[in-house]
Each structure stands twice: as structure tokens, then as C-alpha cells.
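Visitor: I need the structure of the sequence given here:
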Amino acid sequence: KYPVIFLLMLVTYSMSIQNVHHIAHLKTLIIILLAMDNYWKGLYYRVYRLIVNNIKILKTQLYIIMFLNLLFVALSVGYSEDYSMEWGIRAYRGIYTDPHQAAYHFCILLVILLVIAKEKYSIFDYILLFGFEFCTMMTGARVPAALALLLAVIFCLDHKINIGNSVINRIFSYLPMIIMIILMAYIIMTYTSFGSKVMNALQGTTFDNGRSGLRELDIKLFKQSDMKHKLLGYGTDYIIRYHGSVAYGSEIWSHNDFMALLCGEGIIMLGIYCWSWLKQVIYSLKNKNI
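Guide: The predicted model follows:
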């Protein structure tokens with residue numbers, strides 16, 4: 001697989017004059033594929049055991065990170081001026097460099113919390129859950145915020161109150177979680193940057209910040225391409241310049257991995273990427289890991 005990927009990278013590299021963004025994008029692609037392939041080498045099982053064997057120190061670190069970030073909620077340095085101006089909200093970044101980076105860091109910390117709580121659960125783990133969820137919602141970054149909410153639901157399902165096996169008792173065992181989700185939804189939509197950003201988008205006409213327009217441009221470009229560019233793509237830099245060449249457009253990437261690969265690296269590279277994901281999903285379904 002990797003000799004084919006590197007060959008495709010070289011071919012696509014030679015097809016574009018500028019390749020700064022193209023190289024950066026391909027580095028990210030290689031990292032993602034290597035991360036998935038390391039699953040078959042047992043890397044994540046070893047990481048899991050490492051977390052389990054260091055629960056106390058990791059939980060202490062989680063509390064320290066959470067309280068430091070909550071402290072930055074009250075400080076002006078805890079917010080990004082650039083993103084605040086761009087989004088029209090107070091874009092929280094905590095102890096990190098920008099809101100997106102902060103939000104994805106919080107998601108990683110929530111995953112670690114899920115592992116810790118699954119092995120050694122404590123009611124006080126909800127403090128960490130609410131703390132990191134609040135920090136993520138304050139960033140205003142919508143995609144990682146949605147991921148963080150999904151992680152919160154998984155946490156609640158893992159640790160729901162068990163009061164019996166009858167149908168009525170099972171329904172009531174989910175009741176506290178449902179009430180909590182409703183309460184969290186109200187707080188998030190009323191008092192956080194994520195809620196403000198979603199409401200502003202709903203009141204406007206660009207809920208996805210123009211990403212659907214980028215997808216339409218990419219599909220149009222792919223349809224009118226010759227067979228060489230369909231198979232091998234145009235290069236990431238070409239696609240970014242193409243987005244900026246249309247009326248009211250800006251030089252920006254596709255904001256969609258599949259479209260970026262389809263137009264930038266072609267059908268062959270997209271097929272390798274999709275197969276890598278599909279293989280993971282099939283294996284997980286067969287082994288009941290999902």
C-alpha cells in the first residue's frame with residue numbers, strides 16, 4: 001500500500017506548480033493511515049494497558065488540566081482575538097493556541113476519561129466530564145463539540161443507574177441521563193460560544209459556513225476533468241486556488257476529506273483511504289468492538 005501511496009504522491013506532486021499545502025495534506029494523510037494500521041500491530045491495546053496501569057496519576061493530571069482551563073475562562077488571554085472577530089463570538093482557547101486545537105485536545109482527554117472510568121469508575125468522574133464538556137462548548141468549534149457530546153452520551157450509557165431488569169425499571173434507569181442531557185443542552189445553547197455560534201448560523205443562511213458550496217465546486221471540477229485528473233487528481237494547492245478563483249470565493253481547502261482526496265489526489269488515493277476505514281469498521285463489527 002505505501003509504495004503505491006508514495007508513487008501517487010510523486011506523480012501528483014509533479015502535476016502542480018505550487019505544493020506547500022499539498023505536502024502538508026499528504027503528511028496528514030500518511031499519519032492517519034499509519035495510525036489505523038498500527039491497530040493491527042497491537043499499539044492501542046498497549047496504550048490501553050498503559051492507561052489502566054496509571055489511572056491515579058492520569059486522573060490527577062486530568063483534574064489539573066481541567067482546573068487550569070477553567071481558570072482561563074475568566075481571563076482575557078483565554079480567548080482568541082482572531083477567531084472571536086471571525087466568528088462574532090468569544091472564541092475560547094484555554095491553555096492552547098486556538099479554539100479548534102483546544103476542542104480536539106478536550107476530546108482526547110474525554111476518551112482517556114472513558115477508559116479510566118470503564119476500569120475504575122467514581123461518581124466524581126462526572127466533574128471531569130462536565131468540566132471538559134463545558135470547555136469544549138466554550139471554544140465554539142462545532143465539529144469537535146459534536147464529538148464531545150457523543151463521548152458524553154457514551155460515558156452516561158456506560159454508567160447509567162441500574163435499578164432492575166423489568167422494562168419499567170430499565171426506562172427509569174435512563175431517566176436521570178435524559179434529564180441531564182436536556183439540562184446540558186439548555187446550558188450549552190444559552191450560555192456557551194458553541195450555542196451562540198449555532199444560533200447565529202441558524203438565523204443566517206450559511207449553517208455550514210459555505211462548506212456545501214465547496215463540495216459543489218469540487219464535484220463540478222471532478223465531473224469536467226479528464227481521465228488522468230480523475231485518477232490522479234490536481235494537487236491540493238490547485239484545489240485551494242480553484243476555490244479562490246470563483247466569484248466571492250476564498251483560497252481554502254475543501255473542508256471534506258473525501259472531496260479533498262478525490263480532487264486533490266484522485267480516485268486511486270481516495271479508494272485506498274476508504275478501504276482503510278472500511279477494513280477497520282468490518283473488523284470491529286465482526287469482533288463486536290462497536
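Visitor: Going by C-alpha atoms from here, please, whenever you check contacts or count neighbours.
Guide: Noted.
Visitor: could you point out where the stretch 101-250 of the chain is predicted with low confidence?
Guide: 161-180, 183, 186-211, 248 (pLDDT under 70).
Visitor: quick one, helices of it?
Guide: With helices called from DSSP state H, counting those that start in this stretch, the stretch 101-250 of the chain shows them at 125-139, 142-158, 167-191, 193-203, 211-223, 227-232, 236-245.
Visitor: how big is the angle separating the fifth one from helix 236-245?
Guide: What it means is helix 211-223. Here helix 211-223 runs at an angle of 120 degrees relative to helix 236-245 (axes from the mean of the first three to the mean of the last three C-alpha atoms, to 10 degrees).
Visitor: and helix 211-223, which residues are buried?
Guide: L214, R215, L217, D218, L221, F222 (16 or more other C-alpha atoms under 10 Å).
Visitor: and the first one, what does it touch?
Guide: L214 makes contacts with H243, S254, H255, as judged by C-alpha atoms under 8 Å, 6 or more residues apart in numbering.
Visitor: gap between S254 and L157?
Guide: Separation of S254 from L157 (C-alpha to C-alpha, to the nearest Å): 35 Å.
Visitor: Please identify which of those two sits among more neighbours.
Guide: Using other C-alpha atoms under 10 Å as the criterion, S254 and L157 rank with S254 on top: 23 against 13.
Visitor: where does the more buried one fall, phi/psi-wise?
Guide: phi -70, psi -20 (degrees, to the nearest 10).
Visitor: cool, Y92 as well?
Guide: Dihedral angles for Y92 - degrees, to the nearest 10 - are phi -80, psi 140.
Visitor: Who is it paired with across the strands?
Guide: Y92 has these beta-bridge partners by DSSP bridges: Y79.
Visitor: Would you check that it makes contact with S80?
Guide: Yes - between Y92 and S80 there is a contact at 6.3 Å, judged by C-alpha atoms under 8 Å.
Visitor: more neighbours, these two?
Guide: Applying other C-alpha under 10 Å to Y92 and S80 shows that Y92 carries more neighbours, namely 35 against 21.
Visitor: In three-state terms, label T97 for me.
Guide: At T97 the chain is in coil, as set by DSSP: H, G, I helix; E, B strand; the rest coil.
Visitor: okay, now it: neighbour count?
Guide: T97: 13 neighbours (other C-alpha under 10 Å).
Visitor: Also K120?
Guide: Quick note: K120 (other C-alpha under 10 Å) scores 12 neighbours.
Visitor: Quick check: H100 vs C135, distance?
Guide: 12 Å.
Visitor: Tell me which of those two has more neighbours.
Guide: Higher neighbour count among H100 and C135: C135, with 25 against 22, using other C-alpha under 10 Å.
Visitor: what sits against that one?
Guide: With C-alpha under 8 Å, 6+ apart, C135 has these contacts: N69, L70, Y92, G94, A103, F106.
Visitor: mind listing what the residue nearest the centre of the chain touches?
Guide: Central residue of the chain (C-alpha atoms, centre = their mean): P144, 4.6 Å from the mean position. Neighbouring residues of P144 by C-alpha under 8 Å, 6+ apart: H100, A103, Y104, C107, T136.
Visitor: and with 7 Å instead?
Guide: A103, Y104, C107 (C-alpha atoms under 7 Å, 6 or more residues apart in numbering).
Visitor: Quick check: PyMOL command selecting the buried ones in these.
Guide: The PyMOL selection below is limited to those of those classed as buried (16+ other C-alpha under 10 Å):
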select buried, resi 103+104+107
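Visitor: For stretch 139-146, list every residue counted as buried.
Guide: Counting neighbours by 16+ other C-alpha under 10 Å, one finds that the buried residues in stretch 139-146 are T139, G140, A141, R142, P144, A145.
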